[in-house]
Each structure stands twice: as structure tokens, then as C-alpha cells.
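Give me coordinates for this.
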Amino acid sequence: MEDRIIVLGAGVAGLAAALPLARAGRTVTVIDPLPPAGGSSFGNAGLLSPDTSVPVALPGMLRKVPGWLSDPMGPLVVRPGYFPRALPWLLRWIRAGRMDRALVLSQSMRALHGASFAHWRDLLGPDGFAEFIRRNGQVQVWDQAEETPAAALERSFRARQGIPTEVLGAPELREMFPGIAARISRGVLIPGNGHTVNPGRMVRRLAELFLAAGGEIRAERALKLIPREGARWMVMTNIANHETGTLVVAGGAWSGSLIAPLGLRLPLETERGYHLFLPDANITPDAPLLYKSRSFSLTPMEGGLRAAGTVEIAGLDAVPDERRAERLLAHVRTLFPAIEGGTPRLWMGHRPSTPDSLPVLGPAPGHPGLHLCLGHGHFGMTGGPPSGRLVADLILGATPRIDAAPYSARRFL
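This next block holds a predicted model:
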């Protein structure tokens, strides 16, 4: 009897690995305590950004951090009680922002993300791709008409990668986005990007396709990964034990607690993100807007608009601060003063983030049979499908489409 592959995590990364394995004829079980798209794959901004290759940490970021941290509602906050625990990760994040390192990271991001739309099409099929994905580009906007130093730096990264962009003035912005605030007079269109109209429903479709391919999804919580003789593994869950010779950890921000007892202490932090969904909005832009001056995005989705963004570092257990989500409505009204809609819905989720903006993919060093597909941070909907494909290819013995080395856990161990 063929050995069953176990994938821990029913989000976009886990399902993007599990589905091609099942389609290749392998027996695959996905284990997750939540139904598919129950975490960040549900509540993210819905941005699909193959033409975004700019790491989160950049040169010059360090001098902005004190100002951000002094504002409890600012774009980056670390809860005081959690700061000692977060400090090692933050120091690594700052080091990753050195120019020489950031340029290398940018190239690796581009290599992974560049074919994201093609991977989504492979997973969903042409009809599913057309149902869920819009390739209308993304538009970045600022309060000021002149280019900021951060914007100039990002532009230089895109230029190195040959990514096309178009600068938009006030007339173009008014034509593209009727009702946009008069203070917004400068934008940049990145036409190669896009968005999904419903990230949660799209990931649920991946689950349906996985089940149709013969896969199994079990609603269990993995508690411990126990090595067995012969390069095998036992997954102890809250209700069962499962043995396998091939185990994939794709559990998002919770992955760290599963692999740390094995000596795999990766710098995986949860950058808690918030969203506010405004149903039945009277203004519906055709493309997402990234309001760079206020560090949030506004994405048109089924039934309304989703405003998402900011970073709160407070660990996995702290209760949400709903004020951070509520404040997004004020930001939206700054962008579109006449906007109206139904009762807003609030959400908070955990981005599984590494300090260098690259996921951790491939075999776990020193642990035969254990594979990692985690740490996608702000880029899960973009990087999840190519990451899952890369991990599946390695398990199947196929040659990956890109070099897997930059994403190996070895860079942290």
C-alpha cells in the first residue's frame, strides 16, 4: 500500500502543495483544526502581486521605526509586554534591510512570484481563474505630489527587475477612481499585478478540487511531530496518531511551535494584520489601491470593499485590538470622502513572517521526510501557489521550475 503524505495546514500554501501531489496520484491527507481558508488565507488583502519584488525591510526603514512604535494605532506596533520576545526577530529584520542583502532578496522574490498567475491557473483551471482573479493591476497612491524617498527606492527595485509601471497624475487618478480625494495627486500603476474577488472562497475552491482529486481533509489539531525509525514520522493530534514517511508543515504562524522541539528554531514571527470589510459600498474601484501614506490597501471584492493593512507584533495569543481595524474606516474616508456602505465587519489574522520576506521551502535540514512550506508573510496569496508547487516537485522527484536554494531553512540554521 502506498504511503500516505500528510500536509499540516489547509491554507493556500498547504493546499497548493497538496493538490498537485494528489493530482500526481499520491495519497494525501491535509490536517488543520480549521476548515479551509480559516486563517490568513481568508482575511488577507486579496492582492496578487507577481510584479512586486520589494522586501518589507528596506534601507532607511530603521529611522522610521521609533516614530511608528510611538503611535499605538500606527502602521507598525509592538505590544510592550511582547517586545523582549520580538527583539531578536526585529534585529534580523533590520539587518535584512541592508541594501546589498535587500537586492539579493528582491531577486529571489521575483523568481518565486513572477509566475504566480500561471500557478493559480494551473490550480484552479481556466474557468476558476476567470471566476476569482482579476488582472486589472494595482495602483499605489500618496498624499504628496512629489516622490518620497521610499517610493524612489521601490521604483529602483522595480527598474532592476524590468517591471513596467506608469506614473499617474491627478487627471488620470480622477478618471480611474471617481470620487478620490483631492489631496491624492500622484499614483503609480503596476499593470502586471491584480487581485482576487474573494480569497476565502478561492482557497475553499482549492480544497474542493483537492477532495475531487482523491485527497482527504481532517479537522484535527497537530500537537507534536515525533520522529520514528526509518525516516518516518508520527503526527500526534488532539484525537489521533498518524504515521507517514513524507510530512509537509504548512501551518502558517503556528508552524514554529511544531518544528522548534526538533531543533528547527526558525525566526518565524506573527505579523498580526487587520481588515475592515465595508459591504454594499457606493464606490467600487476597478483595481486595488495601496495608500502608501497610510500603509493600507483597499481591494474591491464580492459584496463590498476590504481595507487591510498595518502590522501588530504581539504573538499568537494576545486578544485582537479591534481599534486597529476600526481605524481603517477613517483611512478609507480619507481616500474616498463620500464613501458609504453597510455595517463594517472586523477581522484579525496572523501573517507567518520571516525577517527577510522569503518563505521557508523544501526539506528540513537533518530531518529526512520532513518538508517545510511556511513563512509567506505579506505575500501568501502571491507566493503560496509557486511555493506549493516547488515543494510538491521536490517530493515527487521532479526538477523545480526555479532554484530552491534561496528559500531553504539552512539560511537561518
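
Show me the helices in the stretch 151-300 of the chain, by range?
With DSSP state H, counting those that start in this stretch as the criterion, the stretch 151-300 of the chain has helices at 170-176, 199-212, 255-259.

ok, residues contacting the first one?
With contacts defined as Cβ atoms under 8 Å, 6 or more residues apart in numbering, helix 170-176 is touched by Val139, Val141, Leu168, Ile180, Ile184, Ser185, Arg186, Gly187, Pro285, Asp286, Ala287. Just so you know, the C-beta spots here come from the backbone N, C-alpha and C atoms, and that holds for glycine as well.

Can you list the buried residues in that helix?
Residues Leu173, Met176 are the ones in helix 170-176 that count as buried (16 or more other Cβ atoms under 10 Å).

any weak-confidence spans in the stretch 101-250 of the chain?
Along the stretch 101-250 of the chain, no part satisfies pLDDT under 70.

any idea which element the spatially most central residue of the chain lies in?
Centroid check for the chain by Cα atoms, centre = their mean gives Gly380 as the closest residue, at 2.4 Å. Assessed by DSSP states H and E, Gly380 sits inside helix 380-396.

Next, the angle from that helix to helix 199-212.
Here helix 380-396 points in a direction 20 degrees away from that of helix 199-212 (axes from the mean of the first three to the mean of the last three Cα atoms, to 10 degrees).

what packs against helix 380-396?
Counting contacts by 3 or more Cβ pairs under 8 Å, 6 or more residues apart in numbering; DSSP states H and E, helix 380-396 is packed against helix 12-23, helix 40-43, strand 47-48, helix 99-113, helix 116-132, strand 246-249, strand 360-363, strand 370-374.

out of those, deepest packed?
Comparing these on average neighbours per residue, with mean count of other Cβ atoms under 10 Å, the densest one is helix 12-23 at a mean of 29.

Tell me the helix or strand right after that one.
Sequence order places strand 28-31 as the next helix or strand after helix 12-23, per DSSP H and E.

Just checking: what are the partner strands of that following strand?
strand 5-8 (parallel), strand 216-218 (parallel) (DSSP bridges).

follow-up on the earlier one: relative to Gly384, which of the helices and strands packed on helix 380-396 is closest?
Smallest distance to Gly384 across the helices and strands packed on helix 380-396 (Cβ to Cβ): 3.7 Å, for helix 12-23.

Could you name the helices and strands sitting against the closest one?
strand 5-8, strand 28-31, helix 116-132, helix 199-212, strand 246-249, strand 370-374, helix 380-396.

give me that answer again for 6 Å
Here helix 12-23 touches strand 5-8, strand 28-31, helix 199-212, helix 380-396, going by 3 or more Cβ pairs under 6 Å, 6 or more residues apart in numbering; DSSP states H and E.

hmm, back to that, what would the strands paired with strand 28-31 look like in a markdown table with distance to Ile402?
Formatted as a markdown table, the strands paired with strand 28-31 follow (distance: least, Cβ to Cβ, whole Å):
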| stretch | distance to Ile402 |
| --- | --- |
| strand 5-8 | 21 |
| strand 216-218 | 28 |
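
Mean neighbour count, these: which tops it?
Comparing the strands paired with strand 28-31 by mean count of other Cβ under 10 Å gives strand 5-8 as most buried, with a mean of 28.
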